[in-house]
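model this:
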Amino acid sequence: MGLNHDFMSSKIGIVKYQAVHEGVKVEDNLMSYMLDSLQWIDTEWNELGNRNRGLNYYGMTIFRGDSLKLLMDIVSSWINLFQNAPSQFTMTGDFQWDSNTYEKIEYQKAEVIGQLTKLVEICEAAWNNDLQVVHFGI
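From the prediction side, this is the model:
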């Protein structure tokens, strides 16, 4: 199994890693593909008040307030885009130095939309209950 990014909601101020039981795992290559658009979000890294932008790829990212709303909007936009994909599709990944080509990654539409929809649902629940969403990088 490949690398994943874990997202879960928690009470504001609680930032610690725990097994994602009520959260969602989003596949690393998919997150990498979406990464540039996530840089538009003002976030906090590793602890409250440590302001930054985008996703802390290897650590914790905290989304609350306006950043949580923007995360929901951006991920919802990606869902809308992927709804136009065929049931199986390919996206370009990282450059492979050994073959001098870009990696081609196969995706299942239902799986991609399922992961992202679950992330939006977690964000909506956090938004409606004055919680935060914490991302745990790879």
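
all strands of this protein, in order?
Shown for the chain, the strands assigned by DSSP state E span residues 4-10, 24-27, 42-45, 51-53, 60-63, 88-96, 101-108, 132-136.

for those, which one sits closest to Leu71?
Taking C-beta to C-beta as the criterion, strand 60-63 is the member of those that comes nearest to Leu71, at 4.9 Å. Placement of C-beta: from N, CA and C, glycine included.

mean confidence for that closest one?
When pLDDT is averaged along strand 60-63, the result is 94.

mind checking the longest helix of this structure?
As far as residue count goes, and with DSSP state H defining each element, the longest helix of the chain is helix 109-128.

what would the strands of the chain look like in TSV with mean neighbour count?
Formatted as TSV, the entries for these read as follows, by neighbours: other C-beta atoms under 10 Å:
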stretch	mean neighbour count
strand 4-10	20
strand 24-27	19
strand 42-45	19
strand 51-53	13
strand 60-63	24
strand 88-96	12
strand 101-108	13
strand 132-136	23
